[in-house]
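Engineer: Sequence and predicted structure are below.
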Amino acid sequence: MIDVLTGSFATPKWLLWPPRSLRVVDWNIERGLKFGRILEFLAAQDADVLTLQEVDISARRSGLRNVAEDLARGLQMYYAFGCEFQELAQGSRSLPAYTGQATLSRWPIRDARVINFRQQSRFWTPKWYRPNLALFQERLGGRIALFTKIDLPNRQLAVFNVHLESRGDDAMRLSQLKETFSAAECYAAQGAVIVAGDMNLDISEPGAAAMIRDAGFRDAVCLPRASTTPRKGLLNPGRSIDAILARNVPQSRDGRVYPRVHASDHYPVCCSLVLQHTGLFF
């Protein structure tokens, strides 16, 4: 099974100083099933960093497309893909299918690696009594954080792209988030860090909010309880489960959720991180 893939379709940029702000878009793109709409929206954002979840490679459901690479090509960006699962019912022996996280950047990406969470659900583990059908989503692998360093002019930025477990309770998700914060600690001591992704929990809930605060992070989107998933009937108005968290960033602005973008079962979330002061990067 693959671990990390990287590539570049970006054109060189010549700047003497780091940009004063970075526009970040986070989005669970539901495997890239509606690729054309996804690419169209992302192209219109002119973002510096994209953190995407549920990104397919060679899966039948998404047309055997390498979604991460094709998005990077269409947007002329650098990319890193971290494998979360091998999708057993979506590929073949000669062409395995994978899904995971992808981080795209206008600036060079280096030191990409996967952090495999210690706490995992066994829900996805193949069972001998279940047929290998797409309905059962049998998989090899587990939930991850994709870590990347992004090279800005004379500076670097640490990015953790996460997809926390969708099964089980919040205790497992908080454990995975805590692992991410622990991994981020050495980078936060030196500069700016982003933790973004599909949290599968509401970060404004007391347990999550306390953990985020204690780790030195804050909500960079600043839209409490704004729904990031569509309404499902009268009794389910949608959930607020996607977030961009920042540490050592003096200010964020223009936080927004896009509820009119119907290209996934999640809405895109974005903000601008203002990087005004010196010493914010390592």
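Structural biologist: Thanks, I have it. Numbers count the residues shown, from 1 in each chain.

Engineer: Quick one: low-confidence residue ranges for the stretch 151-282 of the chain.
Structural biologist: Along the stretch 151-282 of the chain, segments meeting pLDDT under 70 span 233-235, 276-282.

Engineer: Which stretches in it count as helices?
Structural biologist: Ranges of helices in the stretch 151-282 of the chain, per DSSP state H, counting those that start in this stretch, are 170-188, 206-214.

Engineer: contacts for the longest one?
Structural biologist: With contact meaning Cβ atoms under 8 Å, 6 or more residues apart in numbering, helix 170-188 is reached by 115, 117-119, 121, 143, 145, 147, 158, 160, 162, 164-165, 193, 195, 199-201, 205, 207-208, 211-212, 215-217, 247-248, 282. The way it works is simple: take the backbone N, C-alpha and C, and place the C-beta from them, glycine included.

Engineer: go with 6 Å
Structural biologist: 115, 117, 119, 145, 158, 160, 162, 164-165, 193, 195, 200-201, 215, 247 (Cβ atoms under 6 Å, 6 or more residues apart in numbering).

Engineer: can you check stretch 69-88 too?
Structural biologist: Contact with stretch 69-88 is made by 1-10, 39, 59, 68, 96-106, 108-109, 112, 114, 132, 138-141, 144, 146, 148, as judged by Cβ under 6 Å, 6+ apart.

Engineer: Just the buried positions in that stretch, please.
Structural biologist: Neighbour-count burial for stretch 69-88 flags 69-72, 74-75, 77-88 (criterion: 16 or more other Cβ atoms under 10 Å).

Engineer: now, which of the contacts of stretch 69-88 lie within strands?
Structural biologist: Members of these lying in strands (criterion: DSSP state E): 4-8, 98-105, 109, 112, 114, 139-141, 144, 146, 148.
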